[in-house]
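**Student:** coords please:
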Amino acid sequence: MIETQDLKKHFQIGRGQTLHAVDGVSLKIQENEILGLVGESGSGKSTFGKALIGLHPLTAGSTIYNGEILPRKFTAADHLKYSKELQMIFQDPYSSLNPRMTVLDIVGEGLLIRGEVSRNDVKDQVAVWLGKVGLNADHMSRYPHEFSGGQRQRIGIARAMIIQPRFVVCDEPISALDVSVQAQVVNLLEELKHDLGLTMLFIAHDLSMVRYVSDRMAVMYLGSLVESGPSDAVFFHPQHPYTQLLVESNPEPDPASERLRRHIPIAGEITSPINLGPGCRFADRCPKVMSQCRTVTPKTTFIADNHTVNCHLFEST
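**Tutor:** Predicted structure coming up:
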């Protein structure tokens, strides 16, 4: 359904400095598939998701949606054209909702802009979708400041889903929710996938949740893709050194097993994304680093069906 080819998003921050937020990511997401995207904070996951649906203009590369190349920089007309197809659930429930609008206006705005339903019908649909995300119809007259962070996140989910898009970028959609509500939202996303044929990019830090939700998993580090494949294959049989360390840092649900487990923290801090040169982005922290890792950018290597890794360790195998 949607594909990126060598997608890059750089930001000019002055004095000849360039921040490489996303640096040459190529991914394919099939129709009715959930692709989980994981990685440390600062790896470029959210920027990639926004660039994917036109919220950030592309620096280079391209995005293809249903065989059509999307504009590198969206105009207002482009946003209106594709808003029925492409939507996003934003990470920050505090800054993504207009504080001067009621919940009715926030959630129903997309329907009104498209002019496809009357004001009364919008109210009915908003009530239905608030119920689906665990809120009450009585909440429609309230403003965002009257809700908790978790409730605001649910409002954001209802806003994205009410127009029933075909593809949704879910940027940490459950991070602000209680555990019981997380399960409710995840189950809702699963229902939408089956009922509406929904396709999703699911961005999160919780590897266990991503493995449960997604069909395939992709791992990003410092703007680059390091590994992708079926969720179980990436989670239980990680190949890239970074993915291995990331999986090992994921806590065990059993407290007894967690206490006995050997923890190997990732050494050092994530490298600055400013004015990056060639080479593997993980070289400075990798326990298996080789001399060529610092000077030559690794290529994508298939190690199994639909399982790829970007690492010099596999290029000769």
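
**Student:** Just the helices from this protein, written as ranges.
**Tutor:** 45-52, 76-82, 103-114, 119-132, 149-161, 179-196, 207-213, 231-236, 241-248, 255-260 (DSSP state H).

**Student:** quick one, the fifth one and helix 119-132 angle?
**Tutor:** Put simply, helix 149-161 runs at 130 degrees to helix 119-132, going by axes from the mean of the first three to the mean of the last three Cα atoms, to 10 degrees.

**Student:** Contacts made by helix 149-161 with the rest, please.
**Tutor:** 87-90, 93-94, 96-97, 103, 106-107, 109-110, 126, 129-130, 132-135, 139, 144, 147, 168, 173-178, 181, 185, 188, 192 (Cβ atoms under 8 Å, 6 or more residues apart in numbering). Where C-beta positions appear, they are placed from N, C-alpha and C, glycine not excepted.

**Student:** same thing with the third one?
**Tutor:** When contacts are defined by Cβ under 8 Å, 6+ apart, helix 103-114 is touched by residues 80, 83-84, 97-98, 101, 117, 119, 121-123, 125-126, 129-130, 135, 139-144, 155, 158-159, 162-163.

**Student:** Not counting its neighbours along the chain, what's nearest Glu31?
**Tutor:** Excluding its sequence neighbours, the residue lying closest to Glu31 (Cβ to Cβ, 6 or more residues apart in numbering) is Met1, at 4.3 Å.

**Student:** number of nearby residues for that neighbour?
**Tutor:** 17 (other Cβ atoms under 10 Å).

**Student:** Hmm, it is touching Tyr65, no?
**Tutor:** Yes - assessed by Cβ atoms under 8 Å, Met1 is found in contact with Tyr65 at 7.0 Å.

**Student:** hey, what's in contact with both of those two?
**Tutor:** Joint contacts of Met1 and Tyr65 (Cβ under 8 Å, 6+ apart) are Phe167.

**Student:** Isn't Val133 up against Asn187?
**Tutor:** No - counting by Cβ under 8 Å, Asn187 is not a contact partner of Val133; they are 11.2 Å apart.

**Student:** In terms of neighbours, single out the busier of the two.
**Tutor:** Val133 (21 against 11).

**Student:** residue contacts, the more buried one?
**Tutor:** Here Val133 is in contact with 154-155, 157-158, 161, 184-185, 188 (Cβ under 8 Å, 6+ apart).

**Student:** Now tabulate the residues you listed in CSV and tack on neighbour count.
**Tutor:** Below are the contacts of Val133 laid out as CSV (neighbours: other Cβ atoms under 10 Å):
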residue, neighbour count
Arg154, 29
Ile155, 23
Ile157, 27
Ala158, 25
Met161, 22
Gln184, 17
Val185, 21
Leu188, 18
